[in-house]
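> Fold the following, please.
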Amino acid sequence: MRVFADDRPAPGMFVCVTIRTTRRNDYGLGIGPTDEHGELVLLRSELLCQAGSPAALRALRCGHPERDFAGEIVVRPLDRAALERADTAYRHYRQTALYSPEYAAQLQQARALLEAWLPCTLRSEVRLSACSALARGETTRV
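Below is the predicted model:
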């Protein structure tokens, strides 16, 4: 995956990866930050590890990202509001969820970078390997 701000690589940014499922709710996963080239790599094994337990997925009424996969993956760069929600979720769930030690600082850095680029258009590009799923990136004006 790659993230761009006004067609320039966007280092330090986060994205929401939505796995469309056949169940009530799709499975969403926030990942990041992008590297100095605006790139992120998400492996299938990492995705399934972060999906958590079947009980957690049932509590969220989410389909399992593999067993209930509907064939589509959507990647959307996080805008200011989404970064704020991610920070709020971190503060609320940091005692019970797995976060890297750098997560809060990385979110703050992403927010600062985005503020410096304003106004801009954030865009993501997605490339899948060894998968027949439909994958698409989304664009948002910030």
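
> pLDDT below threshold where in this protein?
51-61 (pLDDT under 70).

> run the last query once more with 50
Scanning the chain for pLDDT under 50 picks out nothing.

> ranges for the helices of it?
Using DSSP state H, the helices found in the chain span residues 44-51, 54-60, 80-93, 103-117.

> Dump these to JSON lines, plus distance to residue 10 and mean neighbour count.
For the C-beta atoms, the positions are set from N, CA and C on the backbone; glycine is no exception. What follows is the helices of the chain, written out as JSON lines (distance: least, C-beta to C-beta, whole Å; neighbours: other C-beta atoms under 10 Å):
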{"stretch": "helix 44-51", "distance to residue 10": "21", "mean neighbour count": "13"}
{"stretch": "helix 54-60", "distance to residue 10": "29", "mean neighbour count": "12"}
{"stretch": "helix 80-93", "distance to residue 10": "13", "mean neighbour count": "14"}
{"stretch": "helix 103-117", "distance to residue 10": "7", "mean neighbour count": "16"}
